[in-house]
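J.: Build me a structure from this.
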Amino acid sequence: MELKQIKELMAAMERAGIKKVSIKEKDGFEVQLERHEEAVNHPISTQQTVFHPVYHPPFETQHRFPSVSGQHQQHPSFTEEKPVTREEVKDVGKSISSPMVGTFYLAASPEDPVFVKVGDKVDENTVVCIIEAMKVMNEVKAGMSGIVVEICVDNAHPVEFGTRLFRIQ
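T.: Predicted coordinates:
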């Protein structure tokens, strides 16, 4: 078997999707060809995928406990007024969460102005940031209307799926 025939056989294997071939000729010549899947370098897509964050309304509960008479009454500790803490203030309003794992950026490039800053008014289609995932820049739109009251992540920091990025009121 000549090199040209082996190359033709390899091309035929690839076209047919065959992974392994073993050939024995009468004169004792034997060849085994095995094709392994290798990582192919595909060009990176420049198409920008737009993700819309999921709105999670604030979770409100009313704790009710059965009274002796069998009727429910509100627990007294939940009706008393208490000072508002910083953590409770952070939970006020709606939030824009990360739709993926990646690196959070406030601007398209270091030279460009930030997409939004605290006090800016946004609507559903306002691009608020970019999340880089696997070398692809993904625009994140607000998905809701309101005013940016807090930017919860520092620029160029990693984020996970569901990480709060912005607080909107």
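J.: For stretch 161-169, buried residues please.
T.: 163-168 (16 or more other Cβ atoms under 10 Å). (C-beta placed from N, C-alpha, C; glycine too.)
J.: Between which two of those is the distance greatest?
T.: Farthest pair in the buried residues of stretch 161-169 (Cβ to Cβ) is 163 and 168. Separation: 15.1 Å.
J.: Which secondary structure state does residue 4 sit in?
T.: helix (DSSP: H, G, I helix; E, B strand; the rest coil).
J.: how's this structure carved up into domains?
T.: For the chain, the structural domains run 3-34, 50-56+72-168, going by automatic domain parsing.
J.: which residues in the chain form strands?
T.: 20-24, 30-34, 50-51, 64-66, 72-74, 94-97, 102-105, 121-122, 127-133, 136-141, 146-151, 157-159, 164-168 (DSSP state E).
J.: For the second one, which outside residues touch it?
T.: Right, the one you point to is strand 30-34. By Cβ atoms under 8 Å, 6 or more residues apart in numbering, the residues outside strand 30-34 that reach it are 1, 6, 9-10, 13, 19-24.
J.: which one among those residues gets closest to residue 103?
T.: For the contacts of strand 30-34, the nearest to residue 103 is residue 19 (37.8 Å; Cβ to Cβ).
J.: which regions of this protein lie under the pLDDT threshold?
T.: Within the chain, the stretches with pLDDT under 70 are 1, 36-92.
J.: Against residue 129, how distant is the closest residue in space to residue 121 that isn't next to it in sequence?
T.: Leaving aside its sequence neighbours, residue 121 sits nearest to residue 147 (Cβ to Cβ, 6 or more residues apart in numbering; 5.4 Å). According to Cβ to Cβ, to the nearest Å, residue 147 and residue 129 sit 16 Å apart.
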